[in-house]
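based on what follows, work out the 3D shape:
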Amino acid sequence: MKTGNTNPNACGGSPLKTSELEDYKNYLHQIGLSSGHNGRNQVTMSNHVNTYAEWLKHRGLDIQTATYKDLMDHVGYLQKQGKGIHRVNHALRSISHHYEFKGWENIAQTTRMRGVPRTQPQGLLSEEDLQELYESYFPEPHKNNYHYTDKLILGLLIYQALDMSEFMKIELQDVQLEKGTIYIRSGRQKKERYIPLKANQVLSLDRYIREASPKSADRTSDRLFSPQADNYNLLHWQFKQLSKKVKAHGKEEMDIHIHKLGQLRQSRIAIWVREEGLRKAQYLAGFRNVSSAERYQRADLSDLKKQVDRYHPLR
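Numbering: from 1, shown residues only. I've put the predicted structure just below:
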């Protein structure tokens, strides 16, 4: 990978104005990325973006017009500087958020280095828990479309194991109610597939598409969850609020610990692995490699062993 041998700091001065960096920090705070002592995470992420901008400027480029190849060359530069995988991925996340902040095409949105050891999914829920969670959760009324879509999104997390990037791609035509399936488009890390819908989902989606969706005055595209899905920040905010409510509901109404929405997706994939087999689970989850499904098999066996040890301990 061509990275060059020059020091990006030799260009002299920061290519980003102080006011722009401050606006970026405020944006990070608004989307909930303000952890760390005195907002240290914001400072670190701003530094990553500034380093990227300096590196580009030294090559006669800027962030807005940089290509995916330029981004990969920057990754090569960071590796040459001795940055580890975790540090490089943090830089990529920071750069991705900056593209979203500016409203530019986000060439870093799903780009991450591989090689970070992946832990086995923890705290997997049973089919019964997932079913009860979906049936017992009722969203609070909202002034906007979130009231109509919170439970639809929850259902697609629980039964189809979708992630947020996939919610941004679903279009109205992808929901095939007569066939009882939903088409999920491919991405950089996922393959396209058709996933069956549950009967109660078909009814809810049909009602939303016929009644609530067309009435949305701010619908701006054919995406199923427009306008939220048209803007990463809007959808991210909805997911963040939904996560808080689902966590509280699980704890107060079901006495189960839900630490993140991704736990619901992981639980469904583990159930697919157990009931449908690795290859079918790989297809339904959109994994490009069967090894991605295998770790759910190991996690499921680990959880089973914990249950056996709990209820039938060796004496």
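
got a list of what Y27 touches?
97, 101 (CB atoms under 8 Å, 6 or more residues apart in numbering). Using the backbone N, CA and C atoms, a C-beta is placed for each residue, glycine as well.

that one: which element?
Assessed by DSSP states H and E, Y27 sits inside helix 18-30.

report the distance from that helix to the chain centre.
22 Å (CA atoms, centre = their mean, to the nearest Å).

state the mean pLDDT of that helix.
The average pLDDT for helix 18-30 rounds to 81.

right, and the helix or strand after it?
Trace forward from helix 18-30 with DSSP H and E and the next one is helix 40-58.

list the buried ones in that following helix?
Neighbour counts using 16 or more other CB atoms under 10 Å place 41-42, 45-46, 48-58 of helix 40-58 among the buried residues.

what do you get for stretch 228-244?
228-229, 232, 234-239, 242-243.

report the mean confidence score over that stretch.
pLDDT averaged over stretch 228-244 gives 90.

re the thing from before, quick check: buried residues in the helix holding Y27?
20-21, 24-25, 27-28.

cool, and stretch 255-267?
256, 258, 261, 263-267.

so what touches that stretch?
Contacts for stretch 255-267 (CB under 8 Å, 6+ apart): 121, 123-126, 129-130, 133, 154, 157-158, 161-163, 239, 242-243, 246-247, 250-251, 296, 299.

in helices only, show me the residues you listed.
129-130, 133, 154, 157-158, 239, 242-243, 246-247, 296, 299 (DSSP state H).

export these as TSV, with columns for distance to L203.
Formatted as TSV, the ones in helices among the contacts of stretch 255-267 follow (distance: CB to CB, whole Å):
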residue	distance to L203
D129	22
L130	18
L133	18
L154	15
L157	18
I158	16
F239	24
L242	21
S243	25
V246	21
K247	27
Y296	29
A299	32
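
which one of the residues you listed is nearest to H86?
A299 (22.0 Å; CB to CB).

next SSE after the helix or strand harbouring L78?
L78 is part of helix 68-80, with elements assigned from DSSP H and E. Sequence-wise, the next helix or strand downstream of helix 68-80 (DSSP H and E) is helix 85-102.

and the angle from that following helix to helix 18-30?
100 degrees (axes from the mean of the first three to the mean of the last three CA atoms, to 10 degrees).

now helix 85-102, how far from the centre of its chain.
14 Å.

buried set for it?
87-101.

cool, and stretch 289-298?
Buried residues in stretch 289-298 (16+ other CB under 10 Å): 292-293, 295-297.
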